[in-house]
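> my questions concern the predicted model and sequence given below.
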Amino acid sequence: MDNDALWTALPVPALVVDADDNIVKVNSAGEFFLNASQKALAGKSVFAKLDIEANLVATLARVRRDQGPMFINNVDVGRVLHDPVECNIQLAPAGDVGEVLVLLQPRDIAGRLNKSLGVKAAARSAIGMAEML
């Protein structure tokens, strides 16, 4: 699988941020999440497009300094003209010097999955009780 196919296949919003904290690349899930195209986002400051509850400046600096991944769990991510969404964020060094890959995993996806599992468990319990009668 080549890099472009992998980038397109990522099911979560993904951004590559350069050493100046400008957006270099966005995948299709990221375009949907930010409600803007790759062309409109490229070259824009990540701070202008994402309002993250955590200290993103310090986190990006730490990822670059340590050359290792960082995880931020259960943080509100605000987007221009949209309500904040609770997300888990994964950051890792990527590509050229100073570039950082940012993966945003909205928690509402996990919540929906858990809800559907709860409904299935409840249905099984009801069927089991009915069989006992």
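Received, thanks. Since we're looking at a predicted model, the values are computed, not measured.

> so Val24 makes contact with Leu41?
No: with contact defined as C-beta atoms under 8 Å, Val24 does not count as touching Leu41 (9.3 Å). C-beta: built from backbone N, CA, C; applies to glycine.

> quick check: neighbours shared by the two?
Leu15 (C-beta atoms under 8 Å, 6 or more residues apart in numbering).

> so Gln90 sits in a helix?
No: counting by DSSP: H, G, I helix; E, B strand; the rest coil, Gln90 falls outside a helix, being strand.

> mind listing what it touches?
Contacts of Gln90 by C-beta under 8 Å, 6+ apart are Pro69, Met70, Phe71, Ile72, Val102, Leu103, Gln105.

> same thing with Gly68?
Gly68 makes contact with Ala92, Pro93 under the criterion C-beta under 8 Å, 6+ apart.

> give me the number of residues near Val16?
By the measure other C-beta atoms under 10 Å, the count of residues near Val16 is 21.

> with adjacent residues omitted, what lies nearest to the residue nearest the centre of the chain?
The centroid of the chain falls nearest to Leu104 when counting by C-alpha atoms, centre = their mean (0.8 Å). Using C-beta to C-beta, 6 or more residues apart in numbering and skipping the chain neighbours, the partner closest in space to Leu104 is Pro13 (4.3 Å).
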